[in-house]
Every structure is written in C-alpha cells, then in structure tokens.
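Asker: Return a 3D structure for these sequence lines:
(4 chains)
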Number of protein chains: 2
Amino acid sequence: MDKRKILVVDDEQRMRILVSDFLSKKNFQVLEAGDGEEALEVFFHNKDIVLVILDVMMPKMDGWQVCREIRQYSQVPIMMLTAKANEKDELLGFELGVDEYIAKPFSPKILVARVEAVLRRTNAIDGEVKEIGGISIDQAAHEVRLDGKVVELSFKEFELLNYFISNQGVALSRERILNNVWNYDYFGDARTIDTHVKKLRSKLGDKGEYIRTVWGMGYKFEV
Amino acid sequence: MDKRKILVVDDEQRMRILVSDFLSKKNFQVLEAGDGEEALEVFFHNKDIVLVILDVMMPKMDGWQVCREIRQYSQVPIMMLTAKANEKDELLGFELGVDEYIAKPFSPKILVARVEAVLRRTNAIDGEVKEIGGISIDQAAHEVRLDGKVVELSFKEFELLNYFISNQGVALSRERILNNVWNYDYFGDARTIDTHVKKLRSKLGDKGEYIRTVWGMGYKFEV
DNA sequence: AGACAATGTGATAAAATGATAAAAAGTTAC
DNA sequence: GTAACTTTTTATCATTTTATCACATTGTCT
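Answerer: All right, here's what the predicted structure looks like:
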C-alpha cells in the first residue's frame, strides 16, 4: 500500500528533520518545504496529501497565509506549530480552519499522537474499506460495492462518490466539489458536476437517493 | 541463481575493501559507495539490492540521513556500522527501521554471520511458491505454472506477473508499476506496460482475465 | 398560479485512455 | 558477428470517459 503523504513546512531544517523522522517511522511519507511559497508549490502538485503541518513563523509567507491559500481550494487537515499558543492565535486559526495546534517545543510522541488523532477525526485514514448504508468503497482496489455487488464506476465517478462519503452530512457547494475532486486548476463549467451526479445516482440505483440536492447550494451525501 | 547484491557505504576505502572481501567470498556481489549521496545514487539505480550496510559517520550526508531517504521508498534490510553503539543511536535507528547494528571495530566473521542472519530473517518470507487461481509462481526457480504446466515467460513478464500477484486486489497505477517492476529511474513510456500486459494476458490464456483493466487508473490482479 | 431560477436529462462533441500490431533497439548465446 | 530473442518505442484504431449544450423539469417566491 502507498504511504500516506504529510507535508511538513518549517524554515528550520533541524525541525523538519525531527518531525520527518518520527512520522517516517510511523509509515508516513513526508514531503518537506522550507517556506510558504515552496509549501504551496508542493501542495498543489500532490493531490493526495493527507495532512499539512505548518510552522507559524516563516520568512516570505507565514503559516497563516499558507493556511489561507490552501483553504481556498482544499479541506485537507492542517496542524499549526506555534512558538507559544496564545488565545489570539487560536482564534485566528479557528477561523482559518486549523485542525490542531502544537506548541513548541513539543515531544515527538505528542506530535505523532496528535497526527494520528487528527487523521482519525477527519477520516483521512483510508487504507481500509469505508462502508455506509450498503455502499462499500475500497480505496485500494478502487472498487465500489452495493450490498456486496460490484458496481462499475468511472474514475471521476469513483472520486466523486469517495468525496461525498468522506464528507457525509456536509452540504458541499459545487465550487468546493470542483476544487477537491477535479484538479485545482480546472476552470470548466460547474454544471459538469450535475451530469456526474446524475450518472452516479443512476449507477447507485435506489441508493442514489443518498446524494441529496441542496437547493441553491450544491449536494449532500446523507443516508 | 544470480549473486545477491549488497551495498556497502563507508567513507574509508580500507573499510569498504575489508567488508567487500569477506562478503565476496561468501558469494555476494558487493556494490560500494564512498558517501551518502553516492549511496543513494547507487541504491536507486539497482533494483535488486538485498541489503545495505551503512557507516554512520560520513561526510556530506550521514548514515541516518541515507537510511531515512532509502526508507522513503524501500523496505530493504539496513545494517548500521557505528563507532560505539550508544543507547540514543539505537533508539534513533530503531525508529528509522534499521535491522541490525555492528559496533566498530568488528571481526569479519561477526559481520558475515550477522549479514546471513539478517537476510535469513527478512528473506524468509518470499522464498516460497505463491499459488493463486491455478497460477503458481516459484520465485527461486523463476518459473510459472498454469495448472501445473510450465509457461515460458520473459524476464520482465515474470517480474510483472510477480508484482501483480504480490499485490492482489490492489489497483496499481502505471506509475507505481513502473517504479516497482522497472528500475527506479526508468522514465520511458508508460505504454510499455500495456504491451507487456497484453503479452502476459495472452501467455496466461484464459487466466489472463485475472489481470483487469482499471480505467483511468491502471491494472489490477484479481481472481 | 405565474415568473423566475436552479436543477435534471439526454444527446453529442471532444478528449483521454487502452488495445493491438509492427517496427526499432537492445541483449544474449552461440 | 550474426541469429534468435527480448524489450521498448511508435503509430494507429477502438473504446470509454468527460465536458458541454439545449431543453425539460422541478422548486421557490410573491
């Protein structure tokens, strides 16, 4: 199985190596970036990063800014490394959609534990088979089953369904779906999604109803 | 059988020669590197290295770093040569996935014994014959049988089939196949895989169907 | 109910991908 | 060195997927 990728962004190489070490041992693949610009570069050229760890203090572009940029296009879990977590920071981070804070200096064990926790929380641990309402979705085999029977989905259909199921109960705007299921640089018609939703629904049979239309908004997956 | 390749990395030429001599006598093929960068260079350009022996203290890039880099991509057994094994080192090494330590200075006999031990330990797994859906694949003999009848496969065909069978049920992208069955730095046409798949399928007869096409993705072996 | 807007549907065009064959390049064995 | 064989590249064709559009339908608001 492919390792899950984590992007570690810090201007101090020592810190990157330290973090990287402990995560590698836990069988993550660690990508590194030394500043904010590099971070965005790396992030947007790897579609399957499961977590971003950001240092707040960095030259060129600080952690908050990186976070903002990423959040424009992705709901990937983000952890912040702060010198000292004060209330103001946490508030700002909350608004930006930061998932977790770790105050420096931190013990590596704490780091790893928090990483696992965040991933568990955000359901990003996906080596396994997800099952919901009779729909099982097997990442590794790239296969979907309805009540145990395999259904043939195209690549995009699979990705779309996967995204829906990873965000159960959340109303997803078309823009958000486009940014996550399509490449971030796709600027085509948002109505394309409608067509894919249509095909997905029909292929899912009666379970297609789980993909609800949210009027004036987008779609939502709910059993 | 071809000689098993061992990569020996040490900045002292005397040490390399010493180690190399004794391993050669035991019928290993020894590749050498004088520093970390060279080591990675050599490692990633040889697909079938069965063991890496690393000196910790080296210029440019130390043994730990080399180990980290290798572990990003490979689970090859790694042995470390340390001037004096202290507890901190062992801990770090354990986290990085080091398989064995040898403290300098060491007797060549000890070295060889440990090498054999590590290889026995880590190799014990795949010396066997795999059997699946009427296809049996014998690593040692480099031989494939369909319902007991030998089938002649070319080298690449064998390797490809072997990779498929080692990853049953997993949808494998062309990139992944290329990186695993071909050498790490092979940047040729991914369509080459299609050709090999075609030949494999035809040679496998009706069992060729087990190699499924995963549209927009790659291939998958499934009985 | 009627107007307006958002969404669903089906057809079709455009793009991407896969299968196949055949030629070219590289290897190996004699 | 050459013949036999393996591997890689190239070209072409068939198939599948994806995007887009026009139009039908549905939902929302007054």
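
Asker: mind listing the helices for chain A?
Answerer: With DSSP state H as the criterion, chain A has helices at A:13-25, A:36-44, A:63-73, A:87-96, A:108-121, A:155-166, A:174-181, A:191-203.

Asker: Out of the ones you listed, the one nearest DNA strand C is which?
Answerer: Of all the helices of chain A, helix A:191-203 sits nearest to DNA strand C, with 4.1 Å by C-beta to the nearest atom of the strand. No exception for glycine: its C-beta is placed from N, CA and C like everyone else's.

Asker: pLDDT of that closest one, averaged?
Answerer: Helix A:191-203 comes out with an average pLDDT of 93.

Asker: Check whether that helix comes near chain B.
Answerer: No: applying C-beta under 8 Å from any C-beta of the partner chain, one finds helix A:191-203 separated from chain B by no less than 13.3 Å.

Asker: That helix vs DNA strand D: in contact?
Answerer: Yes: judged by C-beta under 7 Å from any atom of the strand, helix A:191-203 and DNA strand D are in contact via A:191-192, A:195-196.

Asker: thinking again about what came up before, mind putting the helices of chain A into JSON lines with distance to B:Asp48 and mean neighbour count?
Answerer: As requested, the helices of chain A are exported to JSON lines (distance: least, C-beta to C-beta, whole Å; neighbours: other C-beta atoms under 10 Å in any protein chain shown):
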{"stretch": "helix A:13-25", "distance to B:Asp48": "23", "mean neighbour count": "18"}
{"stretch": "helix A:36-44", "distance to B:Asp48": "31", "mean neighbour count": "19"}
{"stretch": "helix A:63-73", "distance to B:Asp48": "40", "mean neighbour count": "19"}
{"stretch": "helix A:87-96", "distance to B:Asp48": "48", "mean neighbour count": "14"}
{"stretch": "helix A:108-121", "distance to B:Asp48": "33", "mean neighbour count": "15"}
{"stretch": "helix A:155-166", "distance to B:Asp48": "33", "mean neighbour count": "19"}
{"stretch": "helix A:174-181", "distance to B:Asp48": "39", "mean neighbour count": "18"}
{"stretch": "helix A:191-203", "distance to B:Asp48": "43", "mean neighbour count": "16"}
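
Asker: among these, which is nearest B:Arg16?
Answerer: Among the helices of chain A, the nearest to B:Arg16 by C-beta to C-beta is helix A:13-25 (26.8 Å).

Asker: tell me the contacts of the most centrally placed residue in chain A?
Answerer: In chain A, the residue lying closest to the centroid (C-alpha atoms, centre = their mean) is A:Val76, at 2.9 Å. Contact partners of A:Val76, counting by C-beta atoms under 8 Å, 6 or more residues apart in numbering or on different chains, are A:43, A:49-52, A:70.

Asker: Would you point out which residue of chain A is nearest chain B?
Answerer: Nearest to chain B in chain A, going by C-beta to the nearest C-beta, is A:Phe155, at a distance of 3.1 Å.

Asker: neighbours around the nearest residue to that residue once chain neighbours are set aside, how many?
Answerer: Spatial nearest neighbour of A:Phe155, chain neighbours left out: B:Gly216 (3.1 Å); criterion: C-beta to C-beta, 6 or more residues apart in numbering or on different chains. B:Gly216: 13 surrounding residues under other C-beta atoms under 10 Å in any protein chain shown.

Asker: ditto for A:Ile49
Answerer: By other C-beta under 10 Å, the residues close to A:Ile49 number 21.

Asker: just checking, it touches A:Leu7?
Answerer: Yes: with contact defined as C-beta atoms under 8 Å, A:Ile49 reaches A:Leu7; the gap is 5.1 Å.

Asker: what is in contact with those two at once?
Answerer: A:31, A:43.

Asker: Any regions of chain A where pLDDT drops low?
Answerer: For chain A, the stretches flagged by pLDDT under 70 are A:1-2, A:47, A:73, A:84-93, A:109, A:120-128, A:184-185.

Asker: Which residues of it lie near DNA strand D?
Answerer: Residues of chain A lying close to DNA strand D by C-beta under 7 Å from any atom of the strand are A:152, A:154-157, A:182, A:186, A:188-189, A:191-192, A:195-196, A:215.

Asker: residue in chain A nearest to DNA strand C?
Answerer: Closest point on chain A to DNA strand C, by C-beta to the nearest atom of the strand, is A:Thr213, at 3.6 Å.

Asker: contacting residues around that residue?
Answerer: Residues in contact with A:Thr213 (C-beta under 8 Å, 6+ apart) are A:Tyr219.

Asker: what is it paired to in the beta sheet?
Answerer: As for beta bridges, A:Thr213 partners with A:Tyr219 under DSSP bridges.

Asker: how does chain A divide into domains?
Answerer: If you go by automatic domain parsing, the domain ranges for chain A are A:4-121, A:129-221.

Asker: separation between A:Ala33 and B:Pro77?
Answerer: Going from A:Ala33 to B:Pro77 by C-beta to C-beta, to the nearest Å gives 31 Å.

Asker: Which positions in chain A make contact with chain B?
Answerer: A:1-2, A:20-22, A:24-25, A:29-30, A:140-143, A:154-156.

Asker: Please repeat the previous calculation with a cut-off of 6 Å.
Answerer: Counting by C-beta under 6 Å from any C-beta of the partner chain, the residues of chain A close to chain B are A:24-25, A:140-142, A:155.

Asker: which one of these sits closest to A:Lys220?
Answerer: For the residues of chain A next to chain B, the nearest to A:Lys220 is A:Phe155 (22.7 Å; C-beta to C-beta).

Asker: Was I right to think the closest one contacts B:Ser173?
Answerer: No: contact criterion C-beta atoms under 6 Å: A:Phe155 and B:Ser173 do not qualify, at 11.0 Å.

Asker: what's the neighbour count on the closest residue to A:Ala140 other than its chain neighbours?
Answerer: Nearest residue to A:Ala140, sequence neighbours excluded (C-beta to C-beta, 6+ apart): B:Val170, at 4.8 Å. Neighbour count of B:Val170, defined by other C-beta under 10 Å: 21.

Asker: Now the phi/psi pair for B:Val170, please.
Answerer: Here is the backbone geometry of B:Val170 (degrees, to the nearest 10): phi -100, psi 130.

Asker: Leaving out sequence neighbours, find the closest residue to A:Asp62.
Answerer: A:Val56 (6.2 Å).
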